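Asker: no sequence on this one, just coordinates:
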């Protein structure tokens, strides 16, 4: 299954590396990454597209724990604006 | 005030009284500032020792441990100790010097990307890029290290920032964060599962202590009367000998503990994470059980085994809310009977030499009940878990998640400094002991009364055991029969040392060890063939335990 995760991430050294590392280590293959700074320049807006047979919640919960990550939303399939609920994806 | 002085002030403000480290070029400004600080710096003889010692300090006390190192090799040497803290959720703040900001990225002398290296093994890592960021970085490091599920945080500080003026006082200390309250509907669902269960078992791990929920846990067990099994990190959640404590489960758990889990119809998981060393073959673990999973970390719930009832949030109030008597007397009797018949064997399986199990029981009988035992990793670690009685998890220091040999001695040093009022014993194996043997110099320098017991089978015993049982006895690279004379090694460091090789002399030797002022070493030869029993082979189900025979 391919799905997107959108989030806001603090602009600090290695923020993006941590996100990508969580995806890799937890068994999610990177399909796409879109990163743009917010208007105030203090954050990144990140859209991560990954593919895995594992339930998305496995990655979502790891990302939620990272310092500086907020506003995390998961979309079931890339390009489809339907949020994944934790219950549905576990 | 420069950046280095700011760091010492911030540490002092947080009540940090002892730190561990090793100086070098890029961290020198901080060492200069420490001269004028009341903080006690413990000079370890290797940065890995410093990281483990800081971890031992934190494990024994519950307070954050702090270690320092310089850039490059100093920082890379910390990594194993940081990884150990990460996997066992130990609050640790590692501060590393870095080359000056202008030199970062130039392959400067002793430059490594320690921020990048640390990412997989820390809860968070911070590179301070401007002096103005330093106060917030230190505040964030301690807040993140201690909040929620604790863990290590690395702060990498370039030398020019250590020397630059910082025009700010240490930031205020945030109070502890309360875990999220669990929704009443979820508690009600768990209560329903508990009431309808005929054969419940509690499976509890290190998360109980991380949440400070030891007392609530104790009350929950006693009120419900549910038989309880413990993980390696959960040992001590219930006192040894408690009638509902069925001991450790998993690969080297007792037959009784594993069997009741396989038989139960409800598994109440408290602060545990279905580690592979616990579950064996996951799809055959607790096959008849519904699962109530209570944890402070949402990422652990449902990760490996789906929960019928997920309780994510503050552990103690949830346990209080769920504590109600259950009508399961027959099941309790069955579990107690199994525990009586199928607890750990009376012998660790050595017919010759010193029996490690008997030794540990004698050590426990002679030592203060509140003594702290710091293990290394291997067979002796499992024997301690099986045979040494613990009343509280902070008495039992063990590298559970990372399984890092070399952990025991420096961790004992940290524990002794954190708890100078409590006896500390490092029980090690011959393989592990040599991995951080240099820390005997630290013991001697500070006169710390840590007692070192080295079980010496002249083998990498756990690897030898798996080669015997899983590789048809094809032994390779496990022979350590060229070990040095451990008593001579200890004496070379200035420590009194003895060897005990006769069973009849064990009691007297243990007495000598415990009574000797300051540090000392007791060398305990054990049979090379001694195995840890029972055992579940990796990848097998827990009902497929091998009970073994006395060699």
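Answerer: Yes, it's here. Note that the structure is predicted; figures quoted are calculated from it, not measured.
Asker: Let's see the pLDDT reported for the residue of chain A most remote from its centre.
Answerer: When each C-alpha in chain A is compared with the mean C-alpha position (Cα atoms, centre = their mean), residue A:40 comes out farthest, at 21.1 Å. The model reports residue A:40 with a pLDDT of 94.
Asker: Am I right that it is in a helix?
Answerer: No. Counting by DSSP: H, G, I helix; E, B strand; the rest coil, residue A:40 falls outside a helix, being coil.
Asker: got a list of what it touches?
Answerer: For residue A:40, the contact set (Cβ atoms under 8 Å, 6 or more residues apart in numbering or on different chains) is empty. All C-beta spots, glycine's among them, are computed from the backbone N, C-alpha and C.
Asker: Quick one: residues contacting residue B:476.
Answerer: So residue B:476 contacts residue B:467 (Cβ under 8 Å, 6+ apart).
Asker: how far away is it from residue B:525?
Answerer: 23 Å (Cβ to Cβ, to the nearest Å).
Asker: okay, and for the chain, where does confidence drop off?
Answerer: I'll assume chain A. Applying pLDDT under 70 to chain A flags the ranges A:77-90.
Asker: actually chain B
Answerer: B:175-176, B:178, B:343, B:345-352, B:549-551.
Asker: for chain A, what are the nearby residues on it?
Answerer: B:115-116, B:119-120, B:123-127, B:129, B:140, B:144, B:297-299, B:302-303, B:306 (Cβ under 8 Å from any Cβ of the partner chain).
Asker: For residue B:250, see how far away the nearest residue to residue B:205 once chain neighbours are set aside is.
Answerer: Leaving aside its sequence neighbours, residue B:205 sits nearest to residue B:272 (Cβ to Cβ, 6 or more residues apart in numbering or on different chains; 3.1 Å). Remark: distance between residue B:272 and residue B:250 (Cβ to Cβ) = 10 Å.
Asker: buried sites along the strand or helix carrying residue B:384?
Answerer: Taking DSSP states H and E as the criterion, residue B:384 maps to helix B:379-387. By 16 or more other Cβ atoms under 10 Å in any protein chain shown, the buried positions in helix B:379-387 come out as B:379-387.
Asker: Equivalent analysis for stretch B:385-394, please.
Answerer: Counting neighbours by 16+ other Cβ under 10 Å, stretch B:385-394 gives B:385-388, B:390-391, B:393-394 as buried.
Asker: nearest to residue B:533, of these?
Answerer: residue B:386 (8.9 Å; Cβ to Cβ).
Asker: Please give me every residue in contact with the closest one.
Answerer: Residues near residue B:386 by Cβ under 8 Å, 6+ apart: B:247-248, B:252, B:254, B:344, B:348, B:357, B:532.
Asker: OK, contacts around residue B:125?
Answerer: So residue B:125 contacts A:14, B:115, B:118-119, B:153-156 (Cβ under 8 Å, 6+ apart).
Asker: Next up, phi/psi of it, please.
Answerer: phi -140, psi 140 (degrees, to the nearest 10).
Asker: residues in contact with the nearest residue to residue B:381 once chain neighbours are set aside?
Answerer: Nearest residue to residue B:381 in three dimensions, chain neighbours excluded: residue B:375, at 4.4 Å (Cβ to Cβ, 6+ apart). For residue B:375, the contact set (Cβ under 8 Å, 6+ apart) comprises B:381, B:384-385, B:396-399, B:407-408, B:426-428.
Asker: repeat that for 7 Å
Answerer: B:381, B:384, B:397-398, B:408, B:427 (Cβ atoms under 7 Å, 6 or more residues apart in numbering or on different chains).
Asker: Count residues in the vicinity of residue B:410, would you?
Answerer: Residue crowding around residue B:410 was assessed by other Cβ atoms under 10 Å in any protein chain shown; the count is 33.
Asker: what's the answer for residue B:113, then?
Answerer: Residue B:113 has 16 neighbouring residues, counting by other Cβ under 10 Å.
Asker: and if you look at residue B:398?
Answerer: Counted with other Cβ under 10 Å, residue B:398 comes out at 26.
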